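Student: show me how the following folds:
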Amino acid sequence: MNDLQALKREARKRGTPPERLLELARMGPPVSRAVATSRHVSPGLLVELAYSEDWVTRARVSHHRKTPLFILDKLANDKESGVLRNLLTHPRLPEHICRNLMQCQDATVSRRAFSVALYKGYAAHSEVLAAIDDNNFPFRQRIVFWRDLSVEEALELLKDPHEWVRGVILARQLRTRPLRKRRRRARGRLLQPLPLEAILPLLDDPEPEVRQLAAQIVDRMTQLQEGGAR
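Tutor: Here you go, the predicted structure:
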């Protein structure tokens with residue numbers, strides 16, 4: 001192990017005194033980056049590292065769980081897109097930062113911010129519908145597969161010209177209670193089941209797999225209605 005590797009290991013090691021971490025942080029980018037990723041670094045030292053001239057160090061600070069909120073706000077105005085992209089991976093990213101980065105002039109940052117907003121539920125309903133209508137939107141699959149879709153959003157996707165989109169929405173309908181009997185929440189379900197009249201037209205869908213899924217849903221929903229009428 002060479003000296004640099006030993007210093008990096010010391011920077012990440014549990015039990016390294018705060019005074020020593022401060023000393024290591026001031027040894028230059030290769031070591032300061034290691035300090036910025038340490039689970040044992042103090043919020044105060046992260047504040048100092050947020051002003052580092054090394055953008056990789058700042059990027060690592062932007063992702064750290066212990067980084068104070070006011071520093072996240074500062075880093076949201078960083079000139080380096082790498083810092084902004086890393087900031088968007090912060091486990092407790094505030095909504096206002098995410099929404100501000102959706103307006104970033106850097107397309108890679110703004111698109112990733114919108115992707116995060118979709119995942120965390122920060123995106124407005126109108127923004128989601130606009131993304132659904134945009135067939136070229138790079139994160140469209142994330143909406144289809146993982147967003148907690150409202151009934152209106154799911155109905156819009158059932159009209160999609162791509163058969164895989166219609167198929168995914170129907171598969172998610174099958175995972176949604178009361179169609180799914182298990183009490184435990186199924187991953188990828190819809191917020192609530194779509195009405196039967198929205199499913200019936202898909203019995204004549206040109207895609208065989210879509211027709212098959214629609215038939216399963218209609219049978220299940222019919223059984224539930226008959227059971228409730230008894």
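
Student: so where is the protein shaky, pLDDT-wise?
Tutor: For the chain, applying pLDDT under 70 flags the ranges 1-2, 135-139, 142, 179-188, 227-230.

Student: for residue 49, see how far away residue 70 is.
Tutor: 14 Å (Cβ to Cβ, to the nearest Å). Where you see a C-beta, it was placed from the backbone N, CA and C, and this is true even at glycine.

Student: neighbour count: these two, which is higher?
Tutor: Looking at residue 70 and residue 49 with other Cβ atoms under 10 Å, you find the greater number of neighbours at residue 49, namely 23 against 10.

Student: buried set for the longest helix anywhere in the chain?
Tutor: Within the chain, and with DSSP state H defining each element, the longest helix by residue count is helix 208-229. The neighbour-count check on helix 208-229 (16 or more other Cβ atoms under 10 Å) flags 210, 213, 214, 216, 217, 220, 221 as buried.

Student: which member of those residues is positioned nearest residue 66?
Tutor: Taking Cβ to Cβ as the measure, residue 213 is the one of the buried residues of helix 208-229 closest to residue 66, at 46.3 Å.

Student: does the closest one touch residue 174 like I think?
Tutor: Yes: using Cβ atoms under 8 Å, residue 213 is in contact with residue 174, at 7.1 Å.

Student: which one of the buried residues of helix 208-229 is nearest residue 14?
Tutor: Within those, proximity to residue 14 (Cβ to Cβ) peaks at residue 213, which comes in at 51.4 Å.

Student: any idea how far residue 124 is from the closest one?
Tutor: For residue 213, the distance to residue 124 under the criterion Cβ to Cβ works out to 30 Å.

Student: repeat that for residue 191.
Tutor: Looking at residue 191 against residue 124, where the rule is Cβ to Cβ, the gap reads 16 Å.

Student: go on, residue 107?
Tutor: According to Cβ to Cβ, residue 107 stands 20 Å off from residue 124.

Student: and residue 17, by the same measure?
Tutor: As judged by Cβ to Cβ, residue 17 and residue 124 stand 48 Å apart.

Student: hang on, the earlier thing: gap between the longest helix of the chain and the chain center?
Tutor: Between the mean C-alpha location of helix 208-229 and the chain-wide mean there is a distance of 32 Å, by Cα atoms, centre = their mean, to the nearest Å.

Student: if we ignore the residues flanking it in sequence, what's nearest residue 178?
Tutor: Nearest in space to residue 178, with sequence neighbours left out and distances taken as Cβ to Cβ, 6 or more residues apart in numbering, is residue 224 at 5.9 Å.

Student: which residue is the nearest non-sequential neighbour of residue 196?
Tutor: Nearest to residue 196 is residue 221, by Cβ to Cβ, 6+ apart, at 5.1 Å.
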